[in-house]
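Peer 1: fold the following and give me the result.
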Amino acid sequence: MKKLLRVVLPLFLLAGCDIYIYQEPYVAYDDRDLFVGRYQVEEYSQTTGRYFSYTFVVSKSCCDPTGIVITNFYGAGLAVYATVAGTKLSIPWQRIEGYETEGTGRMTADRLTLTYFVRDLYARPVVTDFVDAEAWLY
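Peer 2: Next up, the predicted model:
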C-alpha cells in the first residue's frame with residue numbers, strides 16, 4: 001500500500017497543476033544586414049594627400065555566413081571580400097585584378113569607416129596607397 005501511495009500521490013498532485021510551456025519565437029539575426037546597401041564614399045589617400053569620391057555596393061556573400069562583398073572598392077571596380085562580426089568589418093589580405101588589399105572597418109549608425117591599403121601591382125615602381133574612407137548609406 002505504501003508503494004502504491006508513493007507512486008499515485010505525486011500523480012494526483014501533478015494532476016492538479018497547470019503546466020504552461022512558452023517558447024520564445026526564433027528570430028534569425030544576421031550581422032551582415034547592418035552593412036548591406038549602396039554607399040557614397042569620401043576617401044582620403046595618405047600616400048597622395050588627395051580626396052576621392054565614388055560609390056560602392058555591399059552585398060552578402062553567397063558562400064560564407066559572415067562574408068560580404070564590396071563592389072567598386074577603391075573606386076576601381078574591384079569586388080573585395082570581407083567578413084563581419086557585429087559592427088566590425090575585416091578585409092583579409094587578397095589579390096584582385098592586379099591589386100593587393102587588406103584593412104578594417106566599423107559601422108556606426110549609417111556610416112562605415114574604413115582603413116586599408118591598396119597596392120597597385122601594375123605600377124612601376126609598385127605603389128602602395130594607404131587610405132582612410134568614410135562611406136554613408138543612401
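
Peer 1: can you pull out the helices in the chain?
Peer 2: Secondary structure of the chain by DSSP state H: the helices cover 2-15.

Peer 1: where does it dip in pLDDT?
Peer 2: 1-5, 7-19, 24-27 (pLDDT under 70).

Peer 1: spatially central residue for it, please.
Peer 2: residue 84 (2.6 Å; C-alpha atoms, centre = their mean).

Peer 1: my guess is it contacts residue 29. True?
Peer 2: No. With contact defined as C-beta atoms under 8 Å, residue 84 does not count as touching residue 29 (12.0 Å). Every C-beta, even on glycine, is put in place using the N, C-alpha and C of the backbone.

Peer 1: just give the nearest non-adjacent residue to residue 55, would you?
Peer 2: Leaving aside its sequence neighbours, residue 55 sits nearest to residue 40 (C-beta to C-beta, 6 or more residues apart in numbering; 5.8 Å).
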